[in-house]
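*Asks:* sequence and predicted structure, then a few things I'm wondering about:
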Amino acid sequence: EGWLSLSHMTADISMFPFKEWMKCEKIAIKNHKNELSDISHPQGPYLVRKTISRMIALTRGVKCEPEQVIIGPGTQPLLRQVLGMQRENIKAAIENPGYSRIYQLLKDMNFEVFPIDLDKKGIDIKKVEALNPHFLFITPSHQFPTGIIMPISRRIELLNWASASEGRYIVEDDYDSEFKYGTDNIPSLQSLDRNQRVIYAGTFSKTIMPSFRISYLVLPPDLLREYKRHFSYWIQGSNTLNLITLHYFIESGEYAKHVKRMNNHYEMKRENLIKELKWKFRNDIKIKNVPAGLHFIAEFKTDKGYKEIEERAKKEKLEIYSMKRFNLLGNIEEGKKIILIIGFANIKNEDIPVAVDRLYRVIY
Ligand SMILES: Cc1ncc(COP(=O)(O)O)c(CN[C@H](CF)CCC(=O)O)c1O
């Protein structure tokens, strides 16, 4: 039979309200002919930036004006645009294990990039202070990929570090913060920032779908001034019809309803998957059970290496990724155990037992 997927890179669109989305799209076409006939503002339509800024103020405590929002076709192109304004020999630091696509982008932009280890509260503040980077990339809401939710104490330490000297910024990548199961949703790092040092990055890839390519940054005022000086010529890269449709989708309450519905749906699938894994693997598995996001990390006792596991997964037609993908220095140790990132957006509830059986055959 066909492939099954425990990928962490998808959204479960089986419950996306396409009918409601198309209703919003009809309204967008009917009421916004002038926006559609014109190129849009470099940062995206004001109307949509206003809706996003109001929404993240409510849901994430982000304090910003619509003027500070930049919408773009993905987190990477947005960061490339804003970081591209920086002068030479910039030092950047990123969590390790971490988001290898951003690590790669920073290296391609000739930044000096330093992976920094985590402790149980998230990125190791001592190592940040020792390295003293200009830009620090973190995922405090749900560390990618380990899942650590950064406590307020560590957030304050990082903000104090950032405000202790000029030219330091923290990029807060809030990628799947909308999904928390039974644990409270700590407000954004940006909401605690008193010195305009945080660049807030959000995306609709997890809550709507990654193929829409709708993401945004919130810039602090001095970076915004620089942005407007550099990019007055810029033609915005997102699809204006999609963005105005998104505006109506949010305004109508459909977006909030969908996120709530998906929280319940993902929580149910997550619990079933964890139950099945524990039953099948017993004490050969250790699950890092952080009740958030669309994936979790699991450690398996095995003497098989990552390469062999990846080959066996292909043979078993099971899509799954390992911690090797996120170990930025490529020096992951193997021998007694391996660590896999287990996503539950792409697997149907009824296929969970079969997927776990296949995973068992991959590892033992
Ligand atoms: C840490 C992190 N910050 C942002 C995004 C959202 O990026 P964008 O859609 O461009 O807005 C992702 C999404 N992750 C990707 C798809 F899941 C790739 C995962 C992989 O490369 O392992 C992510 O992990």
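*Replies:* Noted; the coordinates are in hand.

*Asks:* how about the residues of the stretch 51-200 of the chain by the ligand?
*Replies:* The stretch 51-200 of the chain comes close to the ligand at residues 74, 75, 76, 99, 101, 139, 144, 173, 175, as judged by Cβ under 6 Å from any ligand atom. Backbone N, C-alpha and C define where each C-beta goes, glycine included.

*Asks:* got a winner among those residues for most neighbours?
*Replies:* residue 139 (29 neighbours; other Cβ atoms under 10 Å).

*Asks:* would you agree it is in contact with residue 94?
*Replies:* No - at 9.7 Å, residue 139 does not count as touching residue 94 under the criterion of Cβ atoms under 8 Å.

*Asks:* the ligand contacts on the stretch 201-350 of the chain?
*Replies:* Residues of the stretch 201-350 of the chain lying near the ligand (Cβ under 6 Å from any ligand atom): 203, 205, 210, 215, 325.

*Asks:* count the neighbours of the first one for me.
*Replies:* Under the neighbour criterion other Cβ under 10 Å, residue 203 is assigned a count of 23.

*Asks:* ditto for the last one
*Replies:* Residues lying near residue 325 (other Cβ under 10 Å) number 17.

*Asks:* is it in a helix, a strand, or coil?
*Replies:* Using DSSP: H, G, I helix; E, B strand; the rest coil, the three-state assignment for residue 325 comes out as helix.

*Asks:* ok, it touching residue 99?
*Replies:* No - taking contacts as Cβ under 8 Å, residue 325 lies outside contact range of residue 99: 10.0 Å.

*Asks:* which stretches in the stretch 151-300 of the chain count as strands?
*Replies:* Counting by DSSP state E, counting those that start in this stretch, the stretch 151-300 of the chain has strands at residues 169-173, 198-203, 215-218, 285-288, 295-301.

*Asks:* just put those in JSON lines and tack on distance to residue 114 and mean pLDDT.
*Replies:* Below are these laid out as JSON lines (distance: least, Cβ to Cβ, whole Å; pLDDT from 0 to 100):
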{"stretch": "strand 169-173", "distance to residue 114": "14", "mean pLDDT": "98"}
{"stretch": "strand 198-203", "distance to residue 114": "18", "mean pLDDT": "98"}
{"stretch": "strand 215-218", "distance to residue 114": "22", "mean pLDDT": "98"}
{"stretch": "strand 285-288", "distance to residue 114": "25", "mean pLDDT": "96"}
{"stretch": "strand 295-301", "distance to residue 114": "23", "mean pLDDT": "97"}
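
*Asks:* and those strands as CSV, adding distance to residue 134?
*Replies:* Below are the strands of the stretch 151-300 of the chain laid out as CSV (distance: least, Cβ to Cβ, whole Å):
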stretch, distance to residue 134
strand 169-173, 7
strand 198-203, 12
strand 215-218, 17
strand 285-288, 31
strand 295-301, 30
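
*Asks:* what's the closest of these to residue 268?
*Replies:* strand 295-301 (14.7 Å; Cβ to Cβ).

*Asks:* farthest-apart pair in the residues of the stretch 201-350 of the chain next to the ligand, please.
*Replies:* Checking these with Cβ to Cβ, the most distant pair is 215 and 325, at 20.7 Å.

*Asks:* so how many other residues sit close to residue 351?
*Replies:* 14.

*Asks:* wait, a strand at it?
*Replies:* No - counting by three-state DSSP, residue 351 is not found in a strand; it is helix.
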